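Enquirer: starting from these lines, generate the structure:
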Amino acid sequence: MNYFLYFILGGWMVAVTLGMIVIPKILLISYKKRLFDEPDKRKVHTLPVPRLGGLSFFPVILISLCLIMGIRYHLGFPLENLDANQVLCEFLFFAVGSMMLYLVGITDDLISLSYRHKFLVQILSGLLLVCPGEWINSLGGLFGIYEIPIFLGIPLTLFVVVYITNAINLIDGIDGLASGLCCISLVVLGTVCAVREEYIYSLLAFTTFGVLIPFWFYNVFGNAQRGHKLFMGDAGSLTLGYIISLLVIHLSMADTKNGERMNTDMILAFSTLIVPLFDVVRVVVHRLREKKNPFLPDQNHFHHKLLRTGIRVRTVMVTILCVSLFFIGFNWILAEKIETVWLLITDIVLWTSMQLCINYAIRLHTKKKLLNLS
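Expert: Residues are numbered from 1 along each chain as shown. This is a model prediction of the structure:
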């Protein structure tokens, strides 16, 4: 087991190192070619900033993953506890789906694409995960439902892939938020996979986490005036969403040998994404209530609301990351103590209560500004 942990650590270190090498080159090219994300009334930044940081993600992850797996096989450490042919097939399809989303993301970052084209590619990429057998075959007791048939499981899996991928994309609104939430999710998912002794999935999670570390520092602490700041763009957010989708779906598949553990793993996997997933539902409901197109952007996301309370951008980012950690810990503690449906209801009540408190804080801040103006 210790040998496999060394391989995971090695993959993480390779990804961090390559990220530190590649990201400054992307910055240099972006400024030379003036490939910027221009500020507008919907965005928080006030200076043009390159949005091609996500260009580094997929190549670095693929190189790190393939290099470490190649070294493992060369040293005589075959795949553990899993069907090697099944995993090989799955990862080949996964590589194709990732490349499709990566290319779509690059196109959108450079010339912009309609949401219809992106949805289509996301569905096709989801089908590539389903083909080798990765599909949600149980609801883990949610609404009293455990095993579900394939004709329901496959559409549900496609919905989850599209949902998670877009949730990561939509939460990417302020410095360090999407990458920070993904870092938390990947560390938890990678740890769960390692505990299950499914080290190749853990390696995927930690190599992705590795490339995010140098990006996060450039994104949060980089100085736009000095040309040291960049955003991940759609190429990054779509890649991250797809990778996290694979890990969540894998941990949500029913294990007939240990159904109780599977249920806990599924709850923990989805708990890492509660903030972006719940926020998408809230935003879509709000847009429909206002009779607006639910697919068009606005300024009603979680981070936008916190900004309207008068909190600074970096404080908003830290606050949301803490909220994510709270839900992960809360659900992990209660996963085996209460039924899944009651845990979901509790999460929804907590989320709704928090949103009502934020709405109240926004009203107070608005009144205070009006009083100061008068």
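Enquirer: count the neighbours of Val281 for me.
Expert: Val281 has 13 neighbours, counted by other Cβ atoms under 10 Å. Where C-beta positions appear, they are placed from N, C-alpha and C, glycine not excepted.
Enquirer: one more: the one 3 residues further on?
Expert: The criterion is other Cβ under 10 Å. On that basis, Val284 has 14 neighbouring residues.
Enquirer: same deal with the one 5 residues further on?
Expert: A count of nearby residues for Arg289, using other Cβ under 10 Å, gives 8.
Enquirer: any idea how far Arg282 is from it?
Expert: Computed as Cβ to Cβ, to the nearest Å, the Arg289 to Arg282 distance reads 11 Å.
Enquirer: likewise for Leu373?
Expert: Here Leu373 is placed at a distance of 30 Å from Arg282 (Cβ to Cβ).
Enquirer: how about residues contacting the strand or helix carrying Leu277?
Expert: Leu277 belongs to helix 274-289 when assigned by DSSP states H and E. Helix 274-289 has contacts (Cβ atoms under 8 Å, 6 or more residues apart in numbering) with 163-164, 166-168, 170-171, 178, 181, 270, 293-294, 296, 298, 300-302, 320, 323-324, 327-328, 331, 347-348, 351, 355.
Enquirer: which of the residues you listed count as buried?
Expert: 163-164, 166-168, 170-171, 178, 181, 270, 301-302, 320, 323-324, 327-328, 331, 347, 351 (16 or more other Cβ atoms under 10 Å).
Enquirer: pLDDT below threshold where in this structure?
Expert: In the predicted model of the chain, residues 1, 37-47, 80, 227, 254-262, 374 satisfy pLDDT under 70.
Enquirer: return the lengthiest strand in it as PDB; C-alpha atoms alone will do.
Expert: Longest strand of the chain, by residue count under DSSP state E: strand 138-142. Extracted in PDB, the C-alpha atoms of strand 138-142 (Å, rounded to 0.1, in the frame of the first residue of the first chain):
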ATOM      1  CA  SER A 138     -28.100   3.300  -7.000                       C
ATOM      2  CA  LEU A 139     -29.600   6.300  -5.100                       C
ATOM      3  CA  GLY A 140     -28.200   5.100  -1.800                       C
ATOM      4  CA  GLY A 141     -31.500   5.100  -0.100                       C
ATOM      5  CA  LEU A 142     -32.600   8.600  -1.200                       C
END
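Enquirer: describe which strands the helix or strand following it pairs with in its sheet and in which direction.
Expert: Note on strand 138-142: by DSSP H and E, the next helix or strand toward the C-terminus is strand 145-147. Sheet pairing for strand 145-147, assigned by DSSP bridges, gives strand 138-142 (antiparallel).
Enquirer: okay, buried residues for the lengthiest helix in the chain please.
Expert: Longest helix in the chain, counting residues (DSSP state H): helix 340-373. The neighbour-count check on helix 340-373 (16+ other Cβ under 10 Å) flags 340, 343-344, 347, 350-351, 358, 361-362 as buried.
Enquirer: how far off centre is that helix?
Expert: 24 Å (Cα atoms, centre = their mean, to the nearest Å).
Enquirer: when you give positions from now on, start the count at 634
Expert: OK, 634 is where the count begins now, so the last one is helix 973-1006.
Enquirer: helices or strands next to that helix in the packing?
Expert: strand 771-775, helix 892-904, helix 907-922, helix 935-940, helix 946-967 (3 or more Cβ pairs under 8 Å, 6 or more residues apart in numbering; DSSP states H and E).
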